[in-house]
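Visitor: Quick one: sequence plus predicted model below, questions after.
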Amino acid sequence: MLNIPHIVRDVMTETVAAVDRGARFKEVVETMERWKVSALPVLAGEGRVVGVVSEADLLPKEGFRESDPDRLAQLRRVDDVRRAEALTAGELMTSPAHTVRADATLSQAARVMARESVKRLPVVDGRGMLQGIVSRADLLKVFLRSDEDLAEEIRRNIVGTLFAAPARDLQVTVADGVVTLRGRVRDTSLVPVIARLVRAVEGVVDVEFDVTGPANAQSEPSVGRNI
């Protein structure tokens, strides 16, 4: 069986600070300070995520403290004016919230974060109920895997699946997350396939290779990286 990517459930934080939509401004600030976070899911009912309130949503209250913006400025900064006047999490929050499911892959979560320019995502179930939270730092945890762990997974799940005698024919070494494939393969056209499968292993930084075809075949060695 080939590599199965880690999923959000593997790295998410299950104990999550959150507020309900009726939480007052000061309660939101106090909750952020107590939990040392910069954003909070906003919940309705028994735990359904309806939005997210962040430090950026709170700052307009301070920003407009000593100013009385004219009509044109208000039109240009309508969202900031609304938040400056807001008193509850429901009035302050960004809604709908950008969320992710616990069974999403880390790559899927990373794409949502990049697309929406957010640092964290509430993790929800099929009903939108809060299950946890995943941050950028959580997604980077896969790069903490040891070189030995990566090499073993690649030998077992990729090389061992595609080749009959991987230990003799194709050597796998890993240093600082960079995988090197060196040796002989029965079909050098498989090299791009192998490289893509290896790169898909969670925690791999890059792939380099130095392989040739069978000993009795006339073929040029494949040497390179980033296929």
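Guide: Ah, there it is. Numbering: from 1, shown residues only.
Visitor: Wait, a strand at residue 152?
Guide: No - looking at residue 152 with DSSP: H, G, I helix; E, B strand; the rest coil, it is helix, so not inside a strand.
Visitor: Check it and give its pLDDT.
Guide: Listed pLDDT for residue 152 reads 93.
Visitor: I'd like the distance between it and residue 185.
Guide: Residue 152 is 20 Å from residue 185, where distance means CB to CB, to the nearest Å. For every residue, glycine as well, the C-beta is placed using N, CA and C.
Visitor: And residue 122, by the same measure?
Guide: Taking CB to CB, one finds residue 122 at 45 Å from residue 185.
Visitor: Residue 176 now?
Guide: 25 Å.
Visitor: More neighbours: which of those two?
Guide: Using other CB atoms under 10 Å as the criterion, residue 176 and residue 185 rank with residue 185 on top: 23 against 8.
Visitor: That one against residue 211, yeah?
Guide: Yes - counting by CB atoms under 8 Å, residue 185 does reach residue 211; the two are 5.3 Å apart.
Visitor: which neighbours do the two share?
Guide: 170, 191 (CB atoms under 8 Å, 6 or more residues apart in numbering).
Visitor: What part of the protein, helix or strand, is modelled with the least confidence?
Guide: helix 71-76 (a mean of 49; mean pLDDT, DSSP states H and E).
Visitor: what's around residue 24, how many residues?
Guide: Neighbour count for residue 24, taken as other CB under 10 Å: 12.
Visitor: residues in contact with residue 48?
Guide: Contacts here follow CB under 8 Å, 6+ apart; on that basis residue 48 touches 127, 128, 129, 130.
Visitor: Appreciated, that's everything.
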